[in-house]
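[1] Pasted the sequence and its predicted model underneath.
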Amino acid sequence: MRRISYSGTSFLTADAITDALFQLVTALNSSQTTQSLNLPAITLTGNPIIVKLIVGPWSELISVPEDSLWDEPNITEILAFLRDRTHALQQHTPPPAYSEIATTDFDITDITDVTDLPRAFLTAEFVDSSTLPMLAVGNHSGLR
């Protein structure tokens, strides 16, 4: 049996559960997700209990072997779940560390009429006449 320390407490469980739990936590890193679990454990007096915990990519687990007079808890179902979940996460392709940003071919030189410009760009502090295209000559007093 192994004693797992997690979040300031510890519990005693089967070796196979410990191994499967550590593999799951490692696999959770690739998907950057968390997992809620109900794990079978044994109390200090030998009574079976269920330990509820949430693990994720940054879970800090410690496991040490411990001799016990008690029988291991029933682990068949949870062990299958842990292994299946780990396998599914390992098959998952992680998203890229970056995402592409869609851009257009439109820029300030594509503007041919001053009415195409937003009002903020018509103030002196935003307009650099050297970068603007030749604007139509005429009365633009209709702009407000």
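    Cool, got the structure.
[2] wait, doesn't residue 55 sit right on residue 37?
    Yes. Contact criterion C-beta atoms under 8 Å: residue 55 and residue 37 qualify, at 6.5 Å. C-beta here means a position set from N, CA and C on the backbone, and glycine is covered the same way.
[3] Kindly state the beta-bridge partners for the closest residue to residue 15 other than its chain neighbours.
    Once flanking residues are discounted, residue 15 sits nearest to residue 2: 5.5 Å by C-beta to C-beta, 6 or more residues apart in numbering. When bridges are called by DSSP bridges, residue 2 pairs up with residue 13, residue 65.
[4] Next one: residue 2, what pLDDT does it get?
    pLDDT recorded at residue 2 is 97.
[5] Hmm, it is touching residue 18, no?
    Yes. Assessed by C-beta under 8 Å, residue 2 is found in contact with residue 18 at 4.2 Å.
[6] what is in contact with those two at once?
    Common neighbours of residue 2 and residue 18, using C-beta atoms under 8 Å, 6 or more residues apart in numbering, are residue 63.
[7] Output the helix or strand residue 87 falls within in CSV with nothing but the alpha carbons.
    Using DSSP states H and E, residue 87 sits in helix 76-91. C-alpha atoms of helix 76-91 as CSV (Å, rounded to 0.1, in the frame of the first residue of the first chain):
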residue,chain,number,x,y,z
THR,A,76,-11.3,-2.7,-9.9
GLU,A,77,-13.7,0.0,-11.2
ILE,A,78,-11.7,3.1,-10.3
LEU,A,79,-8.5,1.6,-11.7
ALA,A,80,-10.2,0.9,-15.0
PHE,A,81,-11.5,4.5,-15.0
LEU,A,82,-8.1,6.0,-14.2
ARG,A,83,-6.4,4.0,-16.9
ASP,A,84,-9.1,4.8,-19.5
ARG,A,85,-9.0,8.5,-18.7
THR,A,86,-5.2,8.6,-18.9
HIS,A,87,-5.3,6.8,-22.3
ALA,A,88,-7.9,9.2,-23.6
LEU,A,89,-5.8,12.2,-22.5
GLN,A,90,-2.7,10.8,-24.1
GLN,A,91,-4.6,10.4,-27.4
